[in-house]
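Novice: could you work out the structure for the sequence below:
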Amino acid sequence: MKAFATNKKARRDYEILETFEAGIELKGSEVKSLRRMTGNIDDAFVRIEREEAFMYNFHIPEYEKASCFKVDPKRVRKLLLHKKEIMRLSGLLARKGLTIVALQAYFNDRSLVKVTIGLAKGRKQYDVRKKIKDEIVRREVDRAMKSALKR
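Specialist: Now for the predicted structure:
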C-alpha cells in the first residue's frame with residue numbers, strides 16, 4: 001500500500017467514528033498523474049446524492065503529457081461503494097453533526113486507486129486545542145525518555 005495523499009487535518013479537526021475503503025472512478029490521465037505521487041486530499045469530503053457517493057475537492061493536477069484527455073483538477077469524482085454501505089452511510093448522515101471526510105488515498109496491492117473515508121463528528125475548538133496540547137506533551141515526554149535512556 002503506497003499512500004500518495006493523507007489528510008492530517010481530518011484527524012485533528014474531527015473525531016473519526018468509522019472508516020470505509022472505497023474505489024474511485026478516474027480518467028486515464030488522472031491515474032498517470034497520481035502515479036507521480038501527486039494529489040491533494042486535504043479539503044476532500046463526500047456527499048451522497050441519488051443513492052451514489054461523490055467526492056468533492058480531491059485535487060489531482062493535470063498530467064502535462066496528456067494531449068486531448070485533460071480534465072478539471074477538482075472535478076467531482078464518483079466513489080465505488082457497495083449499495084448497502086451507501087445506504088448505511090446516508091442513514092448515519094441524517095443524524096445531526098456527522099459528515100464524511102477523506103482520510104487517505106493510496107494504491108493497493110493490485111495497483112488500484114483506493115480512498116479511505118471516515119464517518120466523522122466535528123470537534124469543538126477547545127477540543128482541537130486540547131488534542132494539539134496533548135500531542136505536544138506526548139512528544140516532549142518521548143524526547144525526555146529517549147534522552148534518559150541514552151545516558
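
Novice: in this structure, where's the longest helix?
Specialist: helix 125-150 (DSSP state H).

Novice: and it, how far from the chain's centre?
Specialist: 25 Å (Cα atoms, centre = their mean, to the nearest Å).

Novice: and that helix, what does it pack onto?
Specialist: On a contact count with 3 or more Cβ pairs under 8 Å, 6 or more residues apart in numbering; DSSP states H and E, helix 125-150 meets helix 8-13. Where C-beta positions appear, they are placed from N, C-alpha and C, glycine not excepted.

Novice: which other helices and strands contact the helix it packs on?
Specialist: strand 98-107, strand 113-122, helix 125-150.

Novice: so the longest one versus strand 113-122, what angle?
Specialist: Taking axes from the mean of the first three to the mean of the last three Cα atoms, to 10 degrees, helix 125-150 and strand 113-122 form an angle of 110 degrees between their directions.

Novice: spit out the contact partners of the closest residue to Lys2 other than its chain neighbours.
Specialist: The shortest distance from Lys2 to any non-neighbouring residue, by Cβ to Cβ, 6 or more residues apart in numbering, is to Phe107 (4.9 Å). Neighbouring residues of Phe107 by Cβ atoms under 8 Å, 6 or more residues apart in numbering: Met1, Lys2, Phe4, Leu34, Arg35, Val113, Lys114.

Novice: out of those, which end up buried?
Specialist: Buried members of the contacts of Phe107, scored by 16 or more other Cβ atoms under 10 Å, are Phe4, Leu34, Val113, Lys114.
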